[in-house]
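Chemist: what would the 3D arrangement of this be:
(one chain, ligands or ions: 2)
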Amino acid sequence: MMWVREVEPGVFVHEHPLVKAKLTWMRDIHTGHREFRNLAREVATALAWAALSDARLRPRRVRTPLAEANGYDLDERVGLVPILRAGLGLVDGVLAVVPNATVWPVGIYRDEETLQPVTYYEKLPSTLPISLCLVLDPMLATGGSAAAAITLVKSRGVQRVKFLGLVGAPEGVRHVRTHHPDVEIYLAALDDHLTPPPQKPDDPPAGYIVPGLGDAGDRLFGT
Ligand code: PRP
Ligand code: URA
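Modeler: Ligands and ions are numbered 1, 2, ... in the order given. Got it, this is the predicted structure:
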């Protein structure tokens, strides 16, 4: 797939120059939340193009102003599952290319001490009437939140699930691929490592992606 590199089986990193530049602006500590939010939306659109490159099509005839032609309709029912809260920052960008997708947010935060995911909101129907689910979260750190959301979606009968994120850590990629080897991961960057537990008062908290882009939820929402 042009511009998208499969860095290991099932793990795709978007390498389009515009994605690289936009992600760099997002990483920049001086980028304000308004610009950060716009960039997140734009990069999410690029990731959606990549993740939907195997979308199923249904042939149909179409009448142009000049003639009858063969064409296609998308033969997929797509569902989006953004992980609250930062996953919301990717929704509009994905909807730009699949405007008919259904959106089911799930609330999962990670406990600051244990880094374990805690589900605090989910209203998924018992069966999701979709053919493809895209789980959205900008940050794939330990992978606990993503794996928990994917488990939830699969428990509602969905067979095809993909994860879309801005930045991943090797630890998070490993965790998701170990628990869900069938789930492809689409990222704008695969970073170096996670921060260790802090030793000094001004060390960053544990489990942050390095170099990463900081707290994605805070930067998206200006908190
Ligand atoms: C962040 C991020 C992911 C999670 C990633 O959310 O948006 O959901 O951490 O970490 P993990 O891969 O180690 O699970 P956070 O828990 O800070 O909640 P928020 O989006 O409400 O800020
Ligand atoms: N959540 C974030 O927002 N950023 C990280 O680096 C890790 C988890």
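Chemist: make it CA atoms for all contacts and neighbour counts henceforth
Modeler: OK.
Chemist: tell me where this protein has helices.
Modeler: 17-27, 33-51, 88-95, 144-154, 170-179, 216-221 (DSSP state H).
Chemist: nearest to ligand 2, of these?
Modeler: helix 216-221 (3.9 Å; Cα to the nearest ligand atom).
Chemist: hmm, back to that, would you reformat the helices of the chain as TSV and include mean pLDDT, mean neighbour count and distance to residue 209?
Modeler: Formatted as TSV, the helices of the chain follow (pLDDT from 0 to 100; neighbours: other Cα atoms under 10 Å; distance: least, Cα to Cα, whole Å):
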stretch	mean pLDDT	mean neighbour count	distance to residue 209
helix 17-27	98	17	11
helix 33-51	98	21	17
helix 88-95	98	23	18
helix 144-154	98	22	14
helix 170-179	98	18	9
helix 216-221	96	19	11
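Chemist: tell me, how many residues neighbour residue 212?
Modeler: Look at residue 212: counted by other Cα atoms under 10 Å, it has 25 neighbours.
Chemist: quick one: which of the helices of the chain is nearest residue 129?
Modeler: When the helices of the chain are compared for distance to residue 129 using Cα to Cα, the nearest one is helix 144-154, at 11.3 Å.
Chemist: and the closest one, anywhere near ligand 1?
Modeler: Yes. Helix 144-154 comes into contact with ligand 1 (Cα under 6 Å from any ligand atom), by way of 144-145.
Chemist: which neighbouring elements make contact with that helix?
Modeler: Counting contacts by 3 or more Cα pairs under 8 Å, 6 or more residues apart in numbering; DSSP states H and E, helix 144-154 packs against strand 78-84, strand 106-110, strand 117-122, strand 132-136, strand 161-168, helix 170-179.
Chemist: which one, of the ones you listed, ends up nearest to ligand 1?
Modeler: Using Cα to the nearest ligand atom, the nearest of the helices and strands packed on helix 144-154 to ligand 1 is strand 106-110, at 3.5 Å.
Chemist: hang on, the earlier thing: could I get the helices and strands packed on helix 144-154 as a markdown table with distance to residue 27?
Modeler: Converted to a markdown table, the helices and strands packed on helix 144-154 look like this (distance: least, Cα to Cα, whole Å):
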| stretch | distance to residue 27 |
| --- | --- |
| strand 78-84 | 21 |
| strand 106-110 | 22 |
| strand 117-122 | 24 |
| strand 132-136 | 19 |
| strand 161-168 | 10 |
| helix 170-179 | 18 |
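Chemist: list of residues touching stretch 59-72?
Modeler: For stretch 59-72, contacts defined as Cα atoms under 8 Å, 6 or more residues apart in numbering pick out 57-58, 73.
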